[in-house]
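S.K.: Could you work out the structure for the sequence below:
(chains A and B, ligands or ions: 5)
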Amino acid sequence: MTSARRAASDWFKYSDRRSRKTGGGVANEPVLEVSGLTTQFDTQDGMVHAVNGVSFTLNKGEFLGVVGESGSGKSVTMMSLLRLIPMPPGEIVDGQAMYNGQDLLHIDLDQLRQIRGKSIGFIFQDPMTSLNPVLTVGFQIEESLKIHQHLPTEAREDRALELLELVGIPSPAARLKSYPHELSGGMRQRVMIAVALACSPQILIADEPTTALDVTIQAQIIELVKDLREQFGTAVIWITHDLGVVAGLADRVLVMYGGQIVEEAPVADLYARPQHPYTKGLLGSVPRLDQKGDDLVTIPGQPPSMFRVQTQCPFAPRCPYVFDRCREENPPLLPITPTQKAACWWDMEAGEARV
Amino acid sequence: MTTPEHTRFNPDSEVLVSVKDLKKHFPIRGGVVKRQVGAVKAVDGVSFDIYQGHTLGLVGESGSGKSTIGRVMLQLDPATEGTVTFDDIELTKLRGEKLRKLRPRMQMVFQDPHASLNPRMTVASIIGEPLKEHGTVRGAERRERIEELLSLVGLEPSHANRYPHEFSGGQRQRIGIARAIALNPEFIVCDEPIAALDVSIQSQIVNLLVNLQDHLGLTYLFISHDLSMVRHIADRVAVLYLGKVMEMSDVDTLYNHPKHPYTQALLSAVPVPDPVVELTRRRVILEGDIPSPANPPLGCPFNTRCPVAQERCSLEEPEWRELDSGHWVACHFAE
Ligand SMILES: Nc1ncnc2c1ncn2[C@@H]1O[C@H](COP(=O)(O)OP(=O)(O)OP(=O)(O)O)[C@@H](O)[C@H]1O
Ligand SMILES: Nc1ncnc2c1ncn2[C@@H]1O[C@H](COP(=O)(O)OP(=O)(O)OP(=O)(O)O)[C@@H](O)[C@H]1O
Ligand code: SF4
Ligand SMILES: [Mg+2]
Ligand SMILES: [Mg+2]
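M.R.: Ligands and ions are numbered 1, 2, ... in the order given. The predicted structure is shown next:
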């Protein structure tokens, strides 16, 4: 028992927050520049306008959080970048995604396949759907190395072992021979991260990577990703609905609503001075563990139907500040301060319309 | 700071529901003859009281036994051992008609508003079903009651003739709540009632539950893995791990002064939606996974992951002790 058990102090891993680079700390050197991304799905019930002209930049080594209502287009935006949406019914009808001087939306598929998994890693929400159930964990990691790095067999085995160790899987040598269903949810997510990191990508896109996990397991994964990011300087796009996770991890945040980015800001500014009424409502509607609050703010009504082209502000039907212009014109995402952008006609701080 | 009315725990209130040494073991069968080869100890000796007009929060990670406790309390599943008492009636002893007569007084709201409503029934017949079954009101009166219920949960009377698929997740959860309160119950088990909903819709439903409690004097068991929401809604909280309660107290004591190492780790793992706080917060990162309830560790259930475990913890199960008045802990070293 005692030999298997490490000292209590080892088990109790206090992680002191290292100085997190926020906003200015990250080099403003874009690795990915998306502009005007527009994706639609032609369905039986009509055209779904899933992503409507989304533009954003990801900087080198930056941690970009993406939050927003269910169905607001977070997953479709990121999957469109790598053309991972089902086409048809999906179609990327407009936009550009510049990576390394190439437009990911227009280069040919062979080139794109080289980039997927090698330069840009993707972690899906449900690891069971993206790991192959009939192949061992080791095989799947080595496969990724084989495709992208042309390593000899032995080197691949060593690297796979190293990766499992890196993501903190106990007895990694034995685990290489395990099948996905033999692992717990937390371990599968670690394997997914190992696969995504196999080729040391420059960008890692993670779609709700911890949503399905228990909170103590989520904390393990978050620590892991923070460590890895510090070690390798990978730029990360992290989609989540958990405003707490974003607060602890992100440098900058995109807030999506109705297929659009409605606010973009450094994490501290977003939480301290939200500029969009939806962001403000969202922040008020979540209770805090560290405070006993009063009544929760509610955002009345429902998210917009995605079957319509938004000619008004998509938040207008639910917005407490709505006025005539909001129903006539969809506000563009414009700079409000040197670091913060919002798509809203109303200036909440001044209590007047923006000009 | 002001505390909302509904969360002010009044220790003089009466106990409405009481659970004593409750166990629920699911047999594991194996071999060709399907002999019992073991048991999943989903709930393994749980005791607590829920006070009239108050909310007990039941938290714990996936598989810890939360839903099973809720179902056994309402006798939707028989207990393996132990008792559940409701208004001084021992439910675990009742069968058939006697139990059916009590049903209107205890209801349940489920996690998945999509799966829990019959897609072929109109909203009116869904909400009216319990009224019909227990024959309380009929005809025009029933119709009136349905409309009253709809407006209580924030829906329109005109919604009565529509079908569940015509509603959003949050609206469907309102329908589920309307059905649950149709017979004027005293006690409602809310099993993760907001887990499937959007963040901006969750607060709508929680505020609705709180308002209904204030107006109708309801008593809740609020099951959730969202510790922030439980802090907001509950008066007292029980923390579950592998089918056993690790710690229980009033909300403020539990969140401000947790005594059990599991509660401490669990609370420290919850991210706070505030970058300033997150920057300076210290976290306890537990290693390893949650053991299987089919094969729980000997001694303290938490000993395999506990940062302060000693030899004793893997040999001897900690006693369920009252440390301070109303603050219960199951850990050898908590003080
Ligand atoms: N294959 C598809 N066919 C038709 N519509 C789709 C398809 N995939 C996504 N959509 C629609 O596109 C819109 C955006 O969906 P998306 O998955 O990006 O939302 P999301 O922001 O990731 O939501 P969530 O938080 O629930 O994951 C939704 O209205 C969705 O119904
Ligand atoms: N009908 C059943 N037969 C066998 N095992 C069961 C049954 N119902 C539940 N269990 C097991 O009992 C344990 C407790 O399950 P329960 O659903 O109560 O957990 P929970 O705390 O509600 O989890 P979650 O947060 O995932 O809803 C689990 O290990 C589960 O697999
Ligand atoms: S543009 Fe108008 S409706 Fe839209 S968020 Fe701003 S104030 Fe509200
Ligand atoms: Mg998504
Ligand atoms: Mg459950």
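
S.K.: Could you use CA atoms for every contact and neighbour count after this?
M.R.: Will do.

S.K.: Quick check: which ranges of the chain have low pLDDT?
M.R.: Using chain A here. A:1-27, A:125-129, A:293 (pLDDT under 70).

S.K.: ah, no, chain B please
M.R.: Using pLDDT under 70, the flagged stretches of chain B are B:1-11.

S.K.: In the stretch 151-300 of chain A, which residue sits nearest ligand 2?
M.R.: Residue nearest to ligand 2 within the stretch 151-300 of chain A (Cα to the nearest ligand atom): A:D214, separated by 8.6 Å.

S.K.: Distance check, that residue against ligand 1.
M.R.: Using Cα to the nearest ligand atom, to the nearest Å, A:D214 is found at 18 Å from ligand 1.

S.K.: before we move on, what about B:T83?
M.R.: B:T83 is 41 Å from ligand 1, where distance means Cα to the nearest ligand atom.

S.K.: so who does that residue touch?
M.R.: Counting by Cα atoms under 8 Å, 6 or more residues apart in numbering or on different chains, B:T83 makes contact with B:19-22, B:90-92.

S.K.: check contacts around the residue of the stretch 151-300 of chain A closest to ligand 2.
M.R.: Applying Cα under 8 Å, 6+ apart, the residues contacting A:D214 are B:61-62.

S.K.: go on, A:V167?
M.R.: A:190-191, A:193-194, A:224.

S.K.: ok, what's across the strand from the spatially most central residue of chain B?
M.R.: Taking Cα atoms, centre = their mean, the centroid of chain B lies closest to B:I223, which sits 2.6 Å from it. For B:I223, the beta-bridge partners are B:L58, B:D191 (DSSP bridges).

S.K.: From chain A, how far off is it?
M.R.: Look at B:I223 and chain A: by Cα to the nearest Cα, to the nearest Å, they are 15 Å apart.

S.K.: just B:L216 next, same as before
M.R.: 18 Å.

S.K.: Can you give me every residue that contacts whichever residue of chain B sits closest to ligand 3?
M.R.: Closest approach between chain B and ligand 3, counting by Cα to the nearest ligand atom: B:S200, at 14.8 Å. Residues in contact with B:S200, defined by Cα under 8 Å, 6+ apart, are A:69, A:281-282, A:285, A:298-299.

S.K.: doesn't B:D191 make contact with the residue nearest to the centre of chain B?
M.R.: Yes. B:I223 lies in contact with B:D191 (Cα atoms under 8 Å); the separation is 4.8 Å.

S.K.: Show me the common contact partners of those two, please.
M.R.: B:S67.

S.K.: Of the contacts of A:V167, which are in range of ligand 1?
M.R.: Checked against ligand 1 using Cα under 6 Å from any ligand atom, the contacts of A:V167 give no members in range.

S.K.: With secondary structure and distance to ligand 2 added, can I get the residues you listed in TSV?
M.R.: Shown next, in TSV, are the contacts of A:V167 (DSSP: H, G, I helix; E, B strand; the rest coil; distance: Cα to the nearest ligand atom, whole Å):
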residue	secondary structure	distance to ligand 2
A:R190	helix	20
A:V191	helix	22
A:I193	helix	23
A:A194	helix	26
A:L224	helix	24
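
S.K.: Just give me the closest of those to ligand 1.
M.R.: A:I193 (19.2 Å).

S.K.: Quickly note the distance from that closest one to A:G284.
M.R.: As judged by Cα to Cα, to the nearest Å, A:I193 and A:G284 stand 32 Å apart.

S.K.: of those two, who's got more company?
M.R.: Neighbours were counted for A:I193 and for A:G284 using other Cα atoms under 10 Å in any protein chain shown; A:I193 has more, 26 against 17.

S.K.: tell me which element A:T77 falls in.
M.R.: Here A:T77 sits within helix A:74-81, counting by DSSP states H and E.

S.K.: Name the residue of the stretch 151-300 of chain B that lies nearest to ligand 2.
M.R.: B:P293 (5.5 Å).

S.K.: Identify the residues contacting that residue.
M.R.: Contacts of B:P293 by Cα under 8 Å, 6+ apart are B:40-42, B:63-64, B:242-243.

S.K.: could these be laid out in a markdown table, adding secondary structure, distance to ligand 3 and neighbour count?
M.R.: Compiled in a markdown table, those are given as follows (DSSP: H, G, I helix; E, B strand; the rest coil; distance: Cα to the nearest ligand atom, whole Å; neighbours: other Cα atoms under 10 Å in any protein chain shown):
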| residue | secondary structure | distance to ligand 3 | neighbour count |
| --- | --- | --- | --- |
| B:V40 | strand | 51 | 17 |
| B:K41 | strand | 51 | 23 |
| B:A42 | strand | 47 | 24 |
| B:G63 | coil | 41 | 18 |
| B:S64 | coil | 42 | 23 |
| B:L242 | coil | 46 | 27 |
| B:G243 | coil | 46 | 28 |
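
S.K.: now the helices for the stretch 201-335 of chain B?
M.R.: For the stretch 201-335 of chain B, the helices defined by DSSP state H, counting those that start in this stretch cover B:227-233, B:251-256, B:261-269, B:275-280.

S.K.: Output those as CSV; include the columns mean neighbour count and distance to ligand 3.
M.R.: Formatted as CSV, these follow (neighbours: other Cα atoms under 10 Å in any protein chain shown; distance: least, Cα to the nearest ligand atom, whole Å):
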stretch, mean neighbour count, distance to ligand 3
helix B:227-233, 23, 26
helix B:251-256, 19, 35
helix B:261-269, 22, 33
helix B:275-280, 17, 24
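
S.K.: Make a markdown table from these and add distance to ligand 1 to it.
M.R.: A markdown table is the format used below for the helices of the stretch 201-335 of chain B (distance: least, Cα to the nearest ligand atom, whole Å):
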| stretch | distance to ligand 1 |
| --- | --- |
| helix B:227-233 | 19 |
| helix B:251-256 | 29 |
| helix B:261-269 | 22 |
| helix B:275-280 | 22 |
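
S.K.: Reformat the ones you listed as CSV; add distance to B:R305.
M.R.: Conversion of the helices of the stretch 201-335 of chain B to CSV gives the following (distance: least, Cα to Cα, whole Å):
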stretch, distance to B:R305
helix B:227-233, 20
helix B:251-256, 20
helix B:261-269, 9
helix B:275-280, 24
